[in-house]
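Student: quick check, what structure comes out for this input:
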Amino acid sequence: QVQLMESGGGLVQPGESLRLSCAASGFTLDGYTIAWFRQAPGKEREGVGCISTSGWSAYYLDSARGRFTFSRDNAKNTVYLQMNSLKPEDTAVYYCYAQKWGSDYWGQGTQVTVSS
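Tutor: Presented below is the predicted three-dimensional model:
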């Protein structure tokens, strides 16, 4: 079965960290650009950023830059989103998205809640 599966979400307090994983099955992430999106209650889905196929370059949403870090391990067929100094406004469902010409996949999402 071809799918992307996010994991690692949860409930944390402001200032704490989480690492989200996005694992692919049924296909290889080699050659795919990976983007992360999030959707907060009552808001539209927004892009958090993306990481290149090689992992050497990344783009971040302004509010995430300096706190979030993307990485990928193609050998494990997994990408990661390290989130530090989390804020209540980071609360959302986080999705990973794999894209290359002619092919794309969405994960099912993982909930991140930042609350004291």
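
Student: give me phi/psi at residue 90?
Tutor: phi -80, psi -10 (degrees, to the nearest 10).

Student: what's the neighbour count on it?
Tutor: 22 (other Cβ atoms under 10 Å). No exception for glycine: its C-beta is placed from N, CA and C like everyone else's.

Student: and for the one 5 residues further on?
Tutor: By the measure other Cβ under 10 Å, the count of residues near residue 95 is 22.

Student: that one sits in which helix or strand?
Tutor: Per DSSP states H and E: residue 95 is located in strand 92-100.

Student: and that strand, what does it pack onto?
Tutor: Using 3 or more Cβ pairs under 8 Å, 6 or more residues apart in numbering; DSSP states H and E as the contact test, the elements touching strand 92-100 are strand 3-7, strand 18-25, strand 33-39, strand 78-83, strand 103-106, strand 110-114.

Student: list the buried ones in it?
Tutor: 92-98 (16 or more other Cβ atoms under 10 Å).

Student: may I see the helices and strands packed on strand 92-100 organised as JSON lines, with mean neighbour count and distance to residue 57 added?
Tutor: Putting those into JSON lines (neighbours: other Cβ atoms under 10 Å; distance: least, Cβ to Cβ, whole Å) gives the following:
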{"stretch": "strand 3-7", "mean neighbour count": "18", "distance to residue 57": "21"}
{"stretch": "strand 18-25", "mean neighbour count": "19", "distance to residue 57": "18"}
{"stretch": "strand 33-39", "mean neighbour count": "20", "distance to residue 57": "10"}
{"stretch": "strand 78-83", "mean neighbour count": "22", "distance to residue 57": "14"}
{"stretch": "strand 103-106", "mean neighbour count": "14", "distance to residue 57": "20"}
{"stretch": "strand 110-114", "mean neighbour count": "18", "distance to residue 57": "24"}
